[in-house]
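J.: Following is a predicted model, sequence given first.
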Amino acid sequence: VAVVGPIGAGKSTLANALPRLLEIQPGQVFLDGQDITQLQLGSLRRAIAYVPQESFLFSATVRDNIRYGKPQAEDWEVEWAAKAAHIHAEILHFPKGYDTLVGERGITLSGGQRQRVALARALLVDAPILILDDCLSSVDNQTAQAILRHLRQATAQKTVILITHRLTAAVEADQIWVMDQGRIVQQGYHAQLLADADGLYARLWAKQKLEEALA
């Protein structure tokens with residue numbers, strides 16, 4: 001499921017509400033028909049892997065940063081997650097590969113590298129729900145598309161909620177939710193939403209294509 005919409009529409013608020021990082025009133029958000037405010041907090045959060053736009057990396061090795069949520073993970077599992085996040089090849093070029101020390105808050109890595117290490121960490125946990133809150137914003141479009149294509153194949157048994165400002169990333173989603181002022185105002189797949197020329201999605205798409213053409 002891709003969640004799109006203008007800045008301030010409430011997309012990140014939704015992402016924070018799902019694992020109850022933001023407390024909400026009962027009767028607003030449901031998972032499998034269950035009101036999330038009625039679920040045991042630990043159980044809810046164990047079912048969710050969440051990658052925010054600005055992920056925190058620790059002053060530890062790349063390997064330990066990736067397996068933070070699954071400390072017992074084998075090296076091959078860490079590398080599988082890194083490959084899925086399209087960061088494996090770059091890690092191999094680091095001074096000590098997976099044993100390279102990451103500076104405080106990941107300062108030694110680029111923004112795109114930090115985001116992909118955080119994505120690898122979430123994929124390694126293998127939770128049934130994966131929330132990606134604009135976590136590929138610093139990754140180039142070609143790499144982002146490759147990551148999303150891989151996710152589509154590798155996460156067939158997961159619910160993936162992709163919050164993104166990059167509408168091209170939403171194209172292949174099974175469903176697209178369009179948010180505006182805290183509400184879902186449109187719902188469907190890409191071609192269906194694009195067919196509504198007066199709808200918010202079509203307007204956002206046209207605006208983004210124009211910006212790309214002018215860039």
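T.: Arrived safely, thanks for sending. Numbering: from 1, shown residues only.
J.: what residue lies at the spatial centre of this structure?
T.: Centroid check for the chain by C-alpha atoms, centre = their mean gives residue 132 as the closest residue, at 1.5 Å.
J.: State the three-state secondary structure for it.
T.: strand (DSSP: H, G, I helix; E, B strand; the rest coil).
J.: Make sure it is actually in contact with residue 163.
T.: Yes: assessed by C-beta atoms under 8 Å, residue 132 is found in contact with residue 163 at 6.6 Å. No exception for glycine: its C-beta is placed from N, CA and C like everyone else's.
J.: Can you spell out which helices and strands pack onto the worst-scoring helix or strand of the chain on mean pLDDT?
T.: Ranked by mean pLDDT, DSSP states H and E, the helix or strand of the chain with the weakest confidence is helix 141-154, at a mean of 80. Packing partners of helix 141-154 (3 or more C-beta pairs under 8 Å, 6 or more residues apart in numbering; DSSP states H and E): helix 75-84, helix 111-125.
J.: So which of those is nearest residue 25?
T.: helix 111-125 (27.8 Å; C-beta to C-beta).
J.: mind listing what's buried in that closest one?
T.: Judged by neighbour count using 16 or more other C-beta atoms under 10 Å, the buried positions of helix 111-125 are 112-125.
J.: Identify the residue with the minimum pLDDT among those.
T.: Lowest in pLDDT among the buried residues of helix 111-125 is residue 112, which has 87.
J.: so that residue touches residue 135, yeah?
T.: No: counting by C-beta under 8 Å, residue 112 does not reach residue 135; the two are 10.3 Å apart.
J.: now the helices for the protein?
T.: Using DSSP state H, the helices of the chain run over 11-17, 41-46, 62-66, 75-84, 88-92, 111-125, 141-154, 190-195, 200-214.
J.: Which of the ones you listed sits closest to residue 175?
T.: Nearest to residue 175 among the helices of the chain is helix 190-195 (9.9 Å), distances taken as C-beta to C-beta.
J.: So the spatially closest residue to residue 17 that is not a sequence neighbour versus residue 215, what's the distance?
T.: In this structure, residue 17 finds its nearest non-sequential neighbour in residue 24, 5.0 Å apart by C-beta to C-beta, 6 or more residues apart in numbering. Remark: distance between residue 24 and residue 215 (C-beta to C-beta, to the nearest Å) = 38 Å.
J.: higher neighbour count, these two?
T.: Higher neighbour count among residue 24 and residue 215: residue 24, with 16 against 5, using other C-beta atoms under 10 Å.
J.: mind listing what the more buried one touches?
T.: The contact partners of residue 24, by C-beta atoms under 8 Å, 6 or more residues apart in numbering, come to 17, 36-37.
J.: likewise residue 15?
T.: With contact set as C-beta under 8 Å, 6+ apart, residue 15 has these partners: 3, 50, 52, 131, 133, 161, 163.
J.: Same check on residue 140?
T.: Per C-beta under 8 Å, 6+ apart, neighbours of residue 140: residue 112.
J.: Can you pull out the low-pLDDT segments for this protein?
T.: 105-106, 154-156 (pLDDT under 70).
J.: Show me what residue 162 is bridged to.
T.: Bridge pairing for residue 162 (DSSP bridges) gives the partners residue 2, residue 132.
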